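Asks: One predicted model, sequence on top.
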Amino acid sequence: MAAGKTQRYEAFVSDVLRRDLRRVQEQRDAVWEQQAQVLQLRNAIGRLTPPSAPLRTQVDLGCNFYVNAEVPDPQRLFVALGYGFYAELTLAEALRHLDRRSRMLDKLSQSLTRDGAQIRAHIRLVLEGLRELQGFQDSPDDL
């Protein structure tokens, strides 16, 4: 009877809890990538802030085929809002939008980190219960 319970708990840890932990960590990594993109965009806008001359750049048309481009007045830019929507914003408005987005991503990252810690605690709790059920005395340190 104890062997059946042990197998069910081990299956729960490996099939449910570890899968959930992996999913939460992947989501958190995706949020960190978005935060890096926001920081990169903020730095790029910071270099544009004192617009003294037209902006010269290269634009990728696809398949690594670049063409030279010149923006005569880099005072306004299009910012992707999500779901295929873009907004034309001034540089100051874009910086405010990026600050709000960065704060939102920070909160989401903290929430996912807490969720991951909670799932790890559940894994440890189930492993401790298994240890007691099997009669082991030493504490497992692997997660």
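Replies: Structure received.
Asks: only C-alpha atoms for contact and neighbour calcs from this point on.
Replies: Noted.
Asks: Now do the lowest-mean-pLDDT helix or strand in the chain: everything it contacts.
Replies: When the helices and strands of the chain are compared on mean pLDDT, DSSP states H and E, helix 2-11 comes out lowest with a mean of 79. Identification of contacts with helix 2-11 by CA atoms under 8 Å, 6 or more residues apart in numbering yields 126, 130, 133-134.
Asks: burial measure for Leu61, as a count.
Replies: Leu61 is flanked by 9 other residues according to other CA atoms under 10 Å.
Asks: and it, how far is that from Val67?
Replies: Between Leu61 and Val67 the computed distance is 7 Å (CA to CA, to the nearest Å).
Asks: so what's in contact with those two at the same time?
Replies: Here Leu61 and Val67 share no contacting residue, scored by CA under 8 Å, 6+ apart.
Asks: Looking at the contacts of helix 2-11, which is nearest Ala94?
Replies: When those are ranked by distance to Ala94 (CA to CA), Val126 comes first, at 47.5 Å.
Asks: The closest one falls within a strand, correct?
Replies: No. Assigned with DSSP: H, G, I helix; E, B strand; the rest coil, Val126 falls outside any strand and is helix.
Asks: What ranges in the chain fall below the confidence cut-off?
Replies: 1-2, 51, 136-143 (pLDDT under 70).
Asks: Contacts only, for the residue at minimal distance from the centre of it.
Replies: Relative to the mean C-alpha position of the chain, the nearest C-alpha, by CA atoms, centre = their mean, is the one of Val31, at 1.3 Å. Listed by CA under 8 Å, 6+ apart, the contact partners of Val31 are 105, 108-109.
Asks: what do you get for Gly116?
Replies: By CA under 8 Å, 6+ apart, the contact list for Gly116 reads 21, 24-25.
Asks: Next step: the residues you listed restricted to helices.
Replies: 21, 24-25 (DSSP state H).
Asks: residues of stretch 36-50 that come out buried?
Replies: Going by neighbour count (16 or more other CA atoms under 10 Å), the buried part of stretch 36-50 is 38, 41-42, 45.
Asks: circling back: same list (the ones in helices among the contacts of Gly116) but as JSON lines, adding distance to Ala92 and neighbour count.
Replies: JSON lines is the format used below for these (distance: CA to CA, whole Å; neighbours: other CA atoms under 10 Å):
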{"residue": "Leu21", "distance to Ala92": "39", "neighbour count": "19"}
{"residue": "Val24", "distance to Ala92": "34", "neighbour count": "20"}
{"residue": "Gln25", "distance to Ala92": "34", "neighbour count": "17"}
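Asks: Right, I'll leave it there.
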